[in-house]
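Fold the stuff below for me.
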Amino acid sequence: MESNKIQNIIIKYLSHQANFSELNDLEKWVQNPNNEKLFNSYIRTNYAIDYNMKKFNSEKIKIELLKEIANERKVFKLKRRYQVMRFAAAAVIVGLLTTTYFLRDDLFSKTIEAKSIIVNTNTILPGTDKATLTLEDGSQIALEKGTSVQTQNASSNGEKIIYEAEKPKTSEIAYNYLTIPRGGQFFIKLSDGTQVWLNSESQLKYPVSFIEGKARTVELVYGEAYFVVSPSTEHKGSKFKVLNKSQEVEVIGTEFNIKAYKDENNIYTTLVEGKVDISIENRKQNLIPNQQLNLDLKTNVSTIKEIDVFNEISWKDGVFSFEEKSLKDIMTVLSRWYDIEVVFKNKSIEKEEFIGILRKNQNIEEILNGIKNFGVIKNFTINDEKVILE
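This next block holds a predicted model:
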């Protein structure tokens, strides 16, 4: 890893700005014995401003750093984004940050006591595993944590639904729908072995069993889904397609995420592994890993850029990762997960940007109090399922 890159990561880490991917890079770099000399140099430079230099112990600091990285993963935080400082200025103050950080000063992470107005509130719980299964005859079955369901073709333990392996020479297609409400999530394994994680407020249409030798096609009617596709080599070359409004994604065997909510004007397709071709009207574009295609539904213009995929797919692993997201965007994500309505009394705060990671099992009041502590909102009110930000 280039020295400038790791120096940037160290600066971001010490100021609690590093994301999950950067924490991984830093941990690997620190543990590599070949980087010992450079690591010592960084720490010695940063400790040079400390009058107590004689007590310097690089190995001890290294151990502490690894401990803090581990803790950083456990204690997820949301930070307000301020104007990015020039690198030179950051380098000057990094010594101060290092000294105070390893002395366990809570300069950046201390929590300020705050009392918020909470009126007539029922406890707002985080989302959980739940969905509605619609069978080919139109009948519906509620799937929820703690209950077991068995159909002719699938079984569910309330946290996931598994379809039986494909039966050969299938000639007719019967479709099922899996609908995830606000405040829900669910996992499904299709009959070809493809795995799909569905986010809150999403719906997937799919065959109970695919036709042998033909393209395996499903439809993300709306919402967000993460796909791990069973390779075509295991299905006599049959490609896998995901249809949704305005585009078609064709894959051979890969992992990708599609975000296509009904109330949003963009569709985001993010590739994690493999390769996909995306057809939009009469044009076709392909993605390579760590790229995202953004389709603007108003203009029908699509753009491709490289991204940190963790920020896009972390939701399936129990966290929300935000990189320079506005408060409005963050509250949109949280409103789906907590099944709440969010009202901004002060429209000017909608554009305030944050970075950080939130656990999906966090209490909504804890999150709102954290935002309030930054001074972005003066107060908040929770009334049943409505959150009002002032």
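
Quick one: residues in contact with stretch 225-244.
Contacting residues not belonging to stretch 225-244 are listed as 166, 190, 192-199, 202, 204, 210, 212-222, 248-258, 260, 267, 274, 313, 316 [Cβ atoms under 8 Å, 6 or more residues apart in numbering]. Any C-beta I mention is one placed from the backbone N, CA and C, and that applies to glycine too.

in which helix or strand would I find residue 272?
Using DSSP states H and E, residue 272 sits in strand 266-273.

among the contacts of stretch 225-244, which ones are buried?
166, 190, 192, 194-199, 202, 204, 210, 216-222, 249-258, 260, 267, 274, 313, 316 (16 or more other Cβ atoms under 10 Å).

among the residues you listed, which are in strands?
Counting by DSSP state E, the part of these found in strands is 195-198, 202, 204, 216-222, 249-251, 255-258, 260, 267.

Low-confidence bits of this protein, can you list those?
1-3, 11-21, 39-122, 167-171 (pLDDT under 70).

try it again with 80
1-28, 30-123, 166-172, 252-253, 374 (pLDDT under 80).

Please name the nearest non-neighbouring residue to the residue positioned nearest the centre of the chain.
In the chain, the residue lying closest to the centroid (Cα atoms, centre = their mean) is residue 314, at 3.0 Å. Counting by Cβ to Cβ, 6 or more residues apart in numbering, residue 314 lies nearest to residue 321, which is 4.2 Å off, once chain neighbours are set aside.

do the same with residue 232
Of all residues beyond its chain neighbours, the one nearest residue 232 is residue 252 (4.8 Å), with distances taken as Cβ to Cβ, 6+ apart.

Let me see the ranges of the helices in this protein.
Taking DSSP state H, the helices of the chain run over residues 3-14, 20-31, 36-47, 58-74, 87-102, 309-313, 327-338, 364-373.

Return the alpha-carbon coordinates of stretch 233-246 using CSV.
The C-alpha coordinates for stretch 233-246 follow below in CSV (Å, rounded to 0.1, in the frame of the first residue of the first chain):
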residue,chain,number,x,y,z
THR,A,233,-22.0,-23.4,-15.7
GLU,A,234,-24.2,-25.3,-13.2
HIS,A,235,-27.3,-24.8,-15.3
LYS,A,236,-26.2,-25.8,-18.8
GLY,A,237,-25.2,-22.3,-19.7
SER,A,238,-28.4,-20.6,-18.7
LYS,A,239,-27.9,-16.9,-18.0
PHE,A,240,-29.5,-15.2,-15.1
LYS,A,241,-31.5,-12.0,-15.6
VAL,A,242,-33.0,-9.4,-13.2
LEU,A,243,-35.7,-7.2,-14.6
ASN,A,244,-36.9,-4.0,-13.1
LYS,A,245,-38.4,-0.8,-14.3
SER,A,246,-36.3,0.7,-17.1
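
in that stretch, what's buried?
Under 16+ other Cβ under 10 Å, the buried positions of stretch 233-246 are 235, 238-244.

what's the closest of these to residue 280?
residue 244 (11.1 Å; Cβ to Cβ).

how near is the closest one to residue 228?
18 Å (Cβ to Cβ, to the nearest Å).

I figured residue 354 was touching residue 323, is that so?
No. Under the criterion of Cβ atoms under 8 Å, residue 354 makes no contact with residue 323, lying 9.3 Å away.

Looking at these two, which is more packed in?
residue 354 (22 against 17; other Cβ atoms under 10 Å).

Name whatever forms a beta bridge with the more buried one.
For residue 354, the residues forming beta bridges with it (DSSP bridges) are residue 80, residue 325.

So it versus residue 327, what's the distance?
From residue 354 to residue 327 the distance is 7 Å (Cβ to Cβ).

Overlap of the contact sets of these two?
residue 371.

Any idea how many residues pack against the nearest residue to residue 124 once chain neighbours are set aside?
Nearest residue to residue 124, sequence neighbours excluded (Cβ to Cβ, 6+ apart): residue 364, at 4.9 Å. If you count neighbours by other Cβ under 10 Å, residue 364 ends up with 20.

For the remainder of this discussion, apply numbering that starts at 7.
Fine by me, first position is 7 from now on; the one you just mentioned is residue 370.

How about the contacts made by residue 283?
255-257, 290-292.

Quickly name whichever of these is closest to residue 341.
Closest to residue 341, out of all of the contacts of residue 283 and judged by Cβ to Cβ, is residue 255, at 26.7 Å.

My guess is that closest one contacts residue 280. True?
No. Between residue 255 and residue 280 there is no contact under Cβ under 8 Å: 11.4 Å.

Show me the common contact partners of the two, please.
Common neighbours of residue 255 and residue 280 (Cβ under 8 Å, 6+ apart) are residue 262.
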